[in-house]
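Asker: Have a look at this prediction, sequence included:
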Amino acid sequence: MTDAAIPTDKTAFRQGLETRLKKRYAQERRFRLYGQLAIVFALGFLVLLVGRIALQGYSTFIDYEVTQTIYVDPAKVDASDIGGSNFDLLVADQMLAKLGEADDELGEASGKMMDIISNDFGFQLLKMVREDPTLIGKQVTLTGPVKADAALYYKGELKRSTPQDERKLDDRQLNWLDKMQASGAVSKGFNVGFLTKSDSTEPEQAGVLGAVVGSAMMLLVTAVLAVPIGVLAATYLEEFAPKNRWTDLIEVNINNLAAVPSIVYGLLGLAVFINWLHVPRSSPLVGGLVLALMALPTVIIATRSALKAVPPSIREAALGVGASRTQTVFHHVLPLAMPGVMTGAILSLAHALGETAPLLMIGMISFVPGVPEGFTGAATVLPVQVFIWENASERAFHERTAAAILVLLAFMIVMNLAAILLRRRFERRW
Amino acid sequence: MPAQRDDSQARGSAPVQIAVDRAHTGGPQHAIKIRARDVNVFYGDKQALFDVSLDVPEKAVTALIGPSGCGKSTFLRCINRMNDTIPGATVRGRIELDGEDVNDKAIDPVILRARVGMVFQKPNPFPKTIFENVAYGARIHGLTSSKAELEAVVESSLKRAGLWGEVADRLHQPGTGLSGGQQQRLVIARAIAVSPEVILMDEPCSALDPIATARIEELIDELRNQYCIVIVTHSMAQAARVSQKTAFFHLGKLVEAGPTGEIFTNPRDSRTQDYITGRFG
């Protein structure tokens, strides 16, 4: 039988070999093409996705500010009751005066003016006059943003060509905006406020600072809990635990936990941390606890595979010179596994950073107009902020949604870069 | 039938060995360092060693030879209890190191491995500097009290391993950057640094070229004045060159043991005869 398999006719054998060789090369070319197509496809989607978000969100980073001198009219400001005076109206009147218009009796004109300039002017003036009541009767120069709808007009997204009753601002308001711009009072600039302010009911004053700080604090809680516990659990299971039915059961369970939908962790957190342990709801602490539970199986699995990849000869070498098992693990095995451990940990943290569903279950979906006051204070986080803004009715918030997503992506890129740098640092290249 | 025969032979071989050991090294000081009696090893249900009884002399090289899978490495790993680390491995029987049973509950495997150093088939230096590789054992056992002392230990270990001249100027470079033969000598230096009494070598030259092998063999010859060395080797020529005593293993049984010269020139068992003449293995 074996004799029959050896071809006797050499030329026929050669030809067969050549055809097979051609086929093999064709197969290889085809496979490479498929691979390249897959990469183009994936990259295309990524560019499409990020590009669309960037296009939608970049305009948030541009804002229009009005600088105007306001006469603090003693007739309108009561020095004995500063808090009771209507500064918004005062500012609106002064703005109208600069445009050569006067308020009508019903206050319609000032009302329309208040729709195009931010009430930030009123806040600023109130604060200044409170601090220094001598300003009453003097000229004060104020700079503040225009309302989000007015900014949309300046950005060209709200068009005059749209019928008047279908847009937020009427022709009269648009004329004022044109006049203000023509007078040089309006300046275009980078929207620093988006990064230095927290959530607000007014889109032009809303920023992501509270959400960024909230995310960072929550992630800190997650990292402090999930990474050491996960690494130690994995080290014990991989290096010390006996291999028996119990450890097999634990391993299967850990693998299953990694696949549990994240919202289930939210329900668990609600039941255990909030209702039973009374951790304050909507706080970075409870969010971090829930996400730590979620990240734990991933950290354990990543650490175990990193430990498995350490060659057994290193363990033998250490044991052979009389190191104890603990010394072997902590002096040799774990340091060698560290790059893998770090990469796994940071990837699971990055995943936790983008998680929304479980946080909704533990009450993180609330309006928090500030930076969280400590780990037990009310907080919001970036993905939830995106969710809240996306649900808002005002169009200007949708622009901010895209911008917040960009900030979230930037946060993640920073984390992944950190993962790469840490990996490089821990890697022994010898 | 063969089991019985091996048994009697291993037990009966002791007086013959001592007589020839004496002839070999010229003195009666070659006492027995390791005394193994009826050692059986199981990996789960599979038995790897059958009633092995062997005496290993002090300050001499004992070679364990035999075809692949014959249990010689298994026997070697019993001496420093490296088999403990293999799940499902059980060792029965008695292995005495200076009269003490190494499997005794009172013997800590960590202390035992400091007394019985080991060199593996593939050079396995730690991915650290040359200095750290040699210093590691001394450091974890607290053998030195100062940095100068530690440096002295590293230097003398490297000198004894015949590596000092080649690495003295680059002690703080990675040990894994050395050539295979240098790495193996580094690993020997690492074992020496904890002042062991016995050095076990598991095919230390199988991954090396002939020149590096010759260098290691020279080193083994120098080291036998201070240590009891047990070496597992596939090369009969190597066993003949470096060892004073040879034990031939086959299918988990000790077939024959005795002075190297006698085993190679006048084997008593036909299987030994077949193996050393290259008829199988």
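Answerer: Noted; the coordinates are in hand.
Asker: CA atoms for contacts and neighbours, from now on please.
Answerer: Will do.
Asker: who in chain A is up against chain B?
Answerer: For chain A, the contact set with chain B under Cα under 8 Å from any Cα of the partner chain comprises A:243, A:313-314, A:317, A:319-324, A:332, A:428, A:430.
Asker: same thing but 10 Å
Answerer: For chain A, the residues in contact with chain B under the definition Cα under 10 Å from any Cα of the partner chain are A:242-243, A:311-325, A:327, A:331-332, A:336, A:428-430.
Asker: Show me where the chain has its strands.
Answerer: Defaulting to chain A. Taking DSSP state E to define them, one finds strands in chain A at A:62-71, A:139-145, A:186-190.
Asker: let's do chain B instead
Answerer: Assigned by DSSP E, the strands in chain B fall at B:32-43, B:46-57, B:61-65, B:89-97, B:100-101, B:116-119, B:198-202, B:228-232, B:245-250, B:253-259.
Asker: how about TSV for those, with distance to chain A and mean neighbour count added?
Answerer: Rendered in TSV, the data for the strands of chain B read as follows (distance: least, Cα to the nearest Cα, whole Å; neighbours: other Cα atoms under 10 Å in any protein chain shown):
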stretch	distance to chain A	mean neighbour count
strand B:32-43	15	19
strand B:46-57	18	21
strand B:61-65	19	28
strand B:89-97	13	19
strand B:100-101	18	16
strand B:116-119	6	29
strand B:198-202	10	25
strand B:228-232	15	26
strand B:245-250	23	25
strand B:253-259	25	25
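Asker: could I get these as JSON lines with mean pLDDT?
Answerer: What follows is the strands of chain B, written out as JSON lines (pLDDT from 0 to 100):
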{"stretch": "strand B:32-43", "mean pLDDT": "90"}
{"stretch": "strand B:46-57", "mean pLDDT": "90"}
{"stretch": "strand B:61-65", "mean pLDDT": "93"}
{"stretch": "strand B:89-97", "mean pLDDT": "89"}
{"stretch": "strand B:100-101", "mean pLDDT": "87"}
{"stretch": "strand B:116-119", "mean pLDDT": "92"}
{"stretch": "strand B:198-202", "mean pLDDT": "93"}
{"stretch": "strand B:228-232", "mean pLDDT": "93"}
{"stretch": "strand B:245-250", "mean pLDDT": "91"}
{"stretch": "strand B:253-259", "mean pLDDT": "90"}
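Asker: TSV please, covering those and showing distance to B:Thr213.
Answerer: Output for those, formatted as TSV (distance: least, Cα to Cα, whole Å):
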stretch	distance to B:Thr213
strand B:32-43	26
strand B:46-57	24
strand B:61-65	15
strand B:89-97	29
strand B:100-101	34
strand B:116-119	14
strand B:198-202	13
strand B:228-232	13
strand B:245-250	19
strand B:253-259	23
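Asker: how about the ones you listed, which one is nearest B:Gly181?
Answerer: Each of the strands of chain B was scored for nearness to B:Gly181 using Cα to Cα, and the closest is strand B:116-119 (12.5 Å).
Asker: Show me what the closest one is packed against.
Answerer: With contacts taken as 3 or more Cα pairs under 10 Å, 6 or more residues apart in numbering or on different chains; DSSP states H and E, strand B:116-119 sits against helix A:312-320, helix B:72-79, helix B:180-192, strand B:198-202, strand B:228-232.
Asker: Name the stretch among the strands of chain A that sits most buried.
Answerer: Mean neighbour counts were taken over those using mean count of other Cα atoms under 10 Å in any protein chain shown, and the top value, a mean of 19, falls to strand A:62-71.
Asker: re earlier: compare the strands of chain B and give me the one nearest A:Thr141.
Answerer: A:Thr141 sits nearest to strand B:116-119 of all the strands of chain B, at 83.1 Å, using Cα to Cα.
Asker: quick one: strands adjacent to the closest one?
Answerer: According to DSSP bridges, strand B:116-119 has the following sheet partners: strand B:198-202 (parallel).
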